[in-house]
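>>> need a 3D model of the sequence below.
(one chain, ligands or ions: 1)
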Amino acid sequence: MNVVILAAGKGTRMKSDLPKVLHAVAGKPMVEHVLQAALQLGATRVVAVLGHGAERVQDALKAYAQDGKLSFAMQTEQLGTGHAVLQALPALNPAEPTLVMYGDVPLTSVDTLKRLLAAAAKDALPVLTVELADAGQYGRIVRSADGQIERIVEFTEARNDAALMQLREINTGIMVLPPERAGHWLRALKPANAKGEFYLTDLVEMARRDGFKTPAVLAPNEAEVEGVHSKVELARVERVYQLRQAHALLTQGVELADPARFDLRGELTCEADVRIDINCIFEGRVHLGAGVQVGPGCVLKDVRVDAGAVIKAYTFADGEGETIEIGPSAQVGPFARLRSATKLGAKSRVGNFVEVKKSSFAEGAKANHLAYVGDAQVGARVNIGAGCITANYDGVNKFKTTIEDDAFIGSNSVLVAPVTIAQGSFVAAGSAINKNTEAEALTIARAKQQTLKGWKRPKKA
Ligand code: UD1
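Numbers count the residues shown, from 1 in each chain. As a prediction, the model looks like this:
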């Protein structure tokens, strides 16, 4: 099967420099949702018809084009939907049917498209329709006595005809063109209408004239076929999509405090008894193990959380492309910040206002308050006191800190990397450590406290 995705329109009402089809739903450009649905259906050739912002759209989809799954056709002037499909024609296999989709209609389910495709045949032109309470400016579906579509009348042509304006079934624009004959019809289109456009919808009458069937396949609801033309519609589509994802997780047994306050912009997999509080955002790939709890307001991107771990309120964990691993029964937050490639061992703890970057914590290691741990290897049962930092950067290069098992770093210490804090070392509070410490010994590296007896405070003259 061929798929043509129409994506040349400007999207004036979006009031944005970004081409319309690149506006994101759940963090992914709308056109990519459409493309992925096409690929899930097993499309052999997908052609995206581009016009406004073509270069940026091509760039956003280049991974698919490199795979050879997608090619592009240019429509420099937007002369109508029929003209748009015509531009894709040379890239299509004429021996196969062609599913026409819109790059700004992101929520059509694969099941609905499969029902439409089931109605496709060598001698049929099935159209996806939907019944609306208010048919607005959509093209009206006129059915013939045999239940087939007799013709589609565009709003501009229907507006002065009361009977047509009463029709509630509309054209979603999604249809399957039969092989062979469709090219001939497309080339024969004339812009003989009020808008002076080449209407794809005129193919219905041509098909009937040639004895083809024109069945209507009803979409299950409006949201599946809703096009996005404004930020208002984009926000509505986003909520529909998020609720869909939330319900899928609830059905799997994930506990969501409120499905209306849940955002997934990537992939989330969960084992049993996961609980997610309100206003969390999941991006990239996130996995939550059995019994994991995520507090309110957390942002997790590219994170793997093992069983029993607790992520407390307002934790921000972004793997920055390198997955963060949070070990079993670890505790993170509230207000923790985890960055790339951080690995927290079993029962470790990272508390409030602690930033951890490219570091590993072995089992039971803790940094509970106000600390920066970067490029560090932290051993088992280590305690990093409040206000400690690893000084990993000299303004040019980054260096590593190693803290061996059972070390204790007193509050407000600076570990100047490269440095090793030996096993069982005790670093006194307020130390600035720039040499390796000895195992099982106390190291103090701060000015000695002095007391000047009888010292007089300065007085105003
Ligand atoms: C079209 C249908 C109408 C249907 C409606 C559903 C026609 C003639 N009319 O309306 O029956 O109810 O969709 O939304 O087909 N596009 C191009 N190039 C063009 C024109 C359009 O790529 O020259 C793309 C747009 O970017 C958009 C899609 O096609 O993604 C639909 O275009 P739009 O202008 O929104 O719809 P209409 O043509 O008014």
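
>>> sec struct for whichever residue of the stretch 251-400 of the chain sits closest to the ligand, please.
Residue of the stretch 251-400 of the chain nearest the ligand, by CB to the nearest ligand atom: Arg265 (22.8 Å). C-beta: built from backbone N, CA, C; applies to glycine. Classification of Arg265 using DSSP: H, G, I helix; E, B strand; the rest coil returns strand.

>>> contact partners for the closest residue to it other than its chain neighbours?
The shortest distance from Arg265 to any non-neighbouring residue, by CB to CB, 6 or more residues apart in numbering, is to Gly27 (2.9 Å). By CB atoms under 8 Å, 6 or more residues apart in numbering, Gly27 lies in contact with 265-266, 283.

>>> possible to save the residues you listed as JSON lines with pLDDT and neighbour count?
Putting these into JSON lines (pLDDT from 0 to 100; neighbours: other CB atoms under 10 Å) gives the following:
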{"residue": "Arg265", "pLDDT": "98", "neighbour count": "19"}
{"residue": "Gly266", "pLDDT": "97", "neighbour count": "16"}
{"residue": "Glu283", "pLDDT": "98", "neighbour count": "20"}
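
>>> near whichever residue of the stretch 101-250 of the chain sits closest to the ligand, how many other residues are there?
Residue nearest to the ligand within the stretch 101-250 of the chain: Gly139 (2.2 Å; CB to the nearest ligand atom). Gly139: 26 surrounding residues under other CB atoms under 10 Å.

>>> show me where the protein has helices.
In the chain, the helices defined using DSSP state H lie at 30-40, 54-60, 62-66, 81-88, 110-118, 155-158, 162-165, 181-188, 203-209, 231-252.

>>> so for the second one, what gets flagged as buried?
By neighbour count on 16 or more other CB atoms under 10 Å, the buried set for helix 54-60 is 54, 56-57, 60.

>>> what would those residues look like in a markdown table with pLDDT?
Below are the buried residues of helix 54-60 laid out as a markdown table (pLDDT from 0 to 100):
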| residue | pLDDT |
| --- | --- |
| Ala54 | 98 |
| Arg56 | 98 |
| Val57 | 98 |
| Ala60 | 97 |
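
>>> quick check, nearest of the residues you listed to Gln148?
Nearest to Gln148 among the buried residues of helix 54-60 is Val57, at 35.6 Å by CB to CB.

>>> that closest one contacts Ala48, doesn't it?
Yes - if you go by CB atoms under 8 Å, Val57 and Ala48 touch, sitting 7.1 Å apart.

>>> if we can go back for a sec, now the residue nearest to Arg265: how far from Gln242?
Applying CB to CB, to the nearest Å, the value for Gly27 to Gln242 is 11 Å.

>>> what of Lys366?
Going from Lys366 to Gln242 by CB to CB gives 36 Å.

>>> same question, Arg457
Taking CB to CB, one finds Arg457 at 63 Å from Gln242.

>>> now swap in Leu22 and tell me
To Gln242, Leu22 is 19 Å away according to CB to CB.

>>> between those two, who's got more neighbours?
Neighbours were counted for Leu22 and for Gln242 using other CB under 10 Å; Leu22 has more, 22 against 19.

>>> now do the residue lying closest to that one once chain neighbours are set aside against Val21, distance only.
Distances taken as CB to CB, 6+ apart place Pro29 nearest to Leu22, at 4.6 Å, with adjacent residues excluded. From Pro29 across to Val21, the span is 6 Å (CB to CB).

>>> and if you look at Ala120?
Distance of Ala120 to Val21, given as CB to CB: 25 Å.

>>> out of these two, which sits in the busier spot?
Using other CB under 10 Å as the criterion, Ala120 and Val21 rank with Val21 on top: 32 against 20.

>>> that one against Met30, yeah?
Yes - distance between Val21 and Met30: 5.2 Å, which falls inside the contact criterion (CB under 8 Å).

>>> between the two, what contacts are shared?
103-104.

>>> name the nearest residue to Tyr314, ignoring sequence neighbours.
Excluding the flanking residues, the one nearest Tyr314 by CB to CB, 6+ apart is Gly297, at 4.5 Å.

>>> ok, the one you found touching Cys280?
Yes - using CB under 8 Å, Gly297 is in contact with Cys280, at 6.8 Å.

>>> these two: which is more packed in?
Set Gly297 next to Cys280 and count neighbours by other CB under 10 Å: Cys280 wins out with 25 against 19.
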